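Chemist: pasting the sequence and the predicted coordinates here, then a few questions.
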Amino acid sequence: MSQIFNDNLNNTTVLVIGGSYGIGRDIADALLNKQANVIVLSRTPPENNLGIGNSALNWQPLDLSNPNQSRIQLEQILKELNNKLDAVFYSAVYYGPRRVPFLEASEEDWKQQLNVNLYGLWFSLLLTLPILKQHSPSLFVHMTSDVVYNAGPWRAGYAATKAAASNLMDSLVKEAPEGHVRLVQLIPGKMIDTSNLYNRCPSNFKYKYDGLSKHLQQAALQLLQTRGEGMHGKSLVFDEHGHLLRLDDAISDE
């Protein structure tokens, strides 16, 4: 990773879209701990929002399952920020209640996956990129998934929408190779144990790993402090050993 751009994040404003729990909440807490001004946008308030020290996460409602309303909400939130925005972390995701075969997936789940995983990312980019360009170098990080490169059974909608979202990010990089707004994608090297993980997996699914969240937080903090210098257009894998690897290097090591 490149040298630190700004270790003092007191005057840094960050949106974490999808940050009430799980991956987004881990990112929000890590940045808040470094005194960044963190605004969490999510359908439900952050769980156990006790804050760091005397601070707490600033939460604004944003229900991506309602695309028309959520776009209006985001426009209003950005207006209230008065063009003060340095970074966006997009970690919102809709997986569905559980893994199911393609023919058993409901139309509603398909629509929700499109709304949250793809359409929400599209209008978040559309609305925030003009503001981020005013604060160059700035950062937009998309939390992607290994399913983009490793599609599997019983998750067709999730895999399809995450692949489309990843290609959306890659296409924008081709349009703006100079990287005034650094576009980066983060990929967990393993699944992170969240409250919804077991609900959507088979009953005999066994998973236990307690350290990956910490390494996610380290990766997010590094990216913000360096403003993603040298990482524009890269897909980065963070693993259980605390390594932050470029995707090509992570694949070659397997």
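Modeler: Perfect, I can see it now.
Chemist: residues contacting G19?
Modeler: Residues near G19 by CB atoms under 8 Å, 6 or more residues apart in numbering: R25, I27, A28, V38, V40, L41, S42, P46, L57, F89, S91. The way it works is simple: take the backbone N, C-alpha and C, and place the C-beta from them, glycine included.
Chemist: is the second one in contact with Q218, as I believe?
Modeler: No. Taking CB atoms under 8 Å as the contact criterion, I27 and Q218 are not neighbours in contact, 10.6 Å apart.
Chemist: more neighbours: those two, which one.
Modeler: The neighbour comparison of I27 against Q218 (other CB atoms under 10 Å) goes to I27, with 29 against 14.
Chemist: report the buried residues of stretch 218-227.
Modeler: A219, A220, L221, Q222, L223, L224, Q225, T226, R227 (16 or more other CB atoms under 10 Å).
Chemist: between those, which is nearest H180?
Modeler: R227 (10.3 Å; CB to CB).
Chemist: about what we covered before: in helices only, show me the buried residues of stretch 218-227.
Modeler: A219, A220, L221, Q222, L223, L224, Q225, T226 (DSSP state H).
Chemist: tell me the pLDDT at the second one?
Modeler: Pointing back at A220 there. A220 is assigned a predicted lDDT (pLDDT) of 94.
Chemist: now do the contacts for the residue nearest to it when sequence neighbours are not counted.
Modeler: Leaving aside its chain neighbours, A220 sits nearest to I27 (4.5 Å; criterion: CB to CB, 6 or more residues apart in numbering). Residues near I27 by CB under 8 Å, 6+ apart: V16, G19, F89, S91, L216, Q217, A220.
Chemist: that's a strand at the third one, yeah?
Modeler: Yes. The assignment for F89, made by DSSP: H, G, I helix; E, B strand; the rest coil, places it in a strand.
Chemist: pretty sure it contacts V141?
Modeler: Yes. The criterion here is CB under 8 Å, and F89 meets it with V141 at 4.8 Å.
Chemist: mutual contacts of these two, please.
Modeler: By CB under 8 Å, 6+ apart, the residues touching both F89 and V141 are A220.
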